[in-house]
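Visitor: A structural model of the following input is requested.
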Amino acid sequence: MKEQSTVQDCLQEIIARGADYVVQSSTYIGAQRTVEWEPSALLADMRRESPNVLLDHAWTEWSRLGDGSQSCAIVYGKVGASPGERGVPGYGLLHVYESWHLQRTRRNKDILDSTGFHLGSGDR
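Guide: Residues are numbered from 1 along each chain as shown. The predicted model follows:
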């Protein structure tokens, strides 16, 4: 069973791993909006804007991606409760990536964009 903690505990766990991580928050209000945060900056923002959210139940789920980098989801809510919406109120779904993974992903996207390659474009 996963260990129950708080949103603040989860962010402090990420911060303790070092400066090589980036948190992506994704919200869906009309269109998808994704924001990247340094973990300590996100914690500071939550302390200022939503201090009670930091005390809410959450846990981390770590995994290794295909390129060998580590990824983590901060899952909001109580362990064992109905899944429902797992986004953190005001911040949405929180996923953590090693910064080099995001840099590689952006570089690959830039290469594809510069060559005009687009999936489903019909160019074969």
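Visitor: state whether residue 71 is indeed within a helix.
Guide: No. Counting by DSSP: H, G, I helix; E, B strand; the rest coil, residue 71 falls outside a helix, being strand.
Visitor: bridged to it, which residues?
Guide: Beta-bridge partners recorded for residue 71 (DSSP bridges): residue 63, residue 97.
Visitor: element containing the closest residue to residue 37 other than its chain neighbours, please.
Guide: For residue 37, ignoring the flanking residues on the chain, the nearest one in space by C-beta to C-beta, 6 or more residues apart in numbering is residue 23 at 4.5 Å. Any C-beta I mention is one placed from the backbone N, CA and C, and that applies to glycine too. Residue 23 is located in strand 21-29, with elements delineated by DSSP states H and E.
Visitor: next structured bit after that strand?
Guide: That would be, after strand 21-29 and using DSSP H and E, strand 31-37.
Visitor: what residues does that following strand touch?
Guide: Contacts to strand 31-37, defined as C-beta atoms under 8 Å, 6 or more residues apart in numbering, come from residues 22, 23, 24, 25, 26, 27, 45, 92, 102.
Visitor: what lines up beside that strand in the sheet?
Guide: Strand 31-37 pairs in its sheet with strand 21-29 (antiparallel), by DSSP bridges.
Visitor: now do the contacts for the residue nearest to residue 37.
Guide: 11, 14, 36, 37, 38, 39, 42, 74, 94, 95, 96.
Visitor: hey, what's it bridged with?
Guide: Going by DSSP bridges, residue 23 is paired in beta bridges with residue 37, residue 96.
Visitor: who's in contact with residue 99?
Guide: 20, 21, 22.
Visitor: partners of the closest residue to residue 88 other than its chain neighbours in the sheet?
Guide: Nearest residue to residue 88, sequence neighbours excluded (C-beta to C-beta, 6+ apart): residue 76, at 4.8 Å. Assessed by DSSP bridges, residue 76 has beta-bridge partners residue 58.
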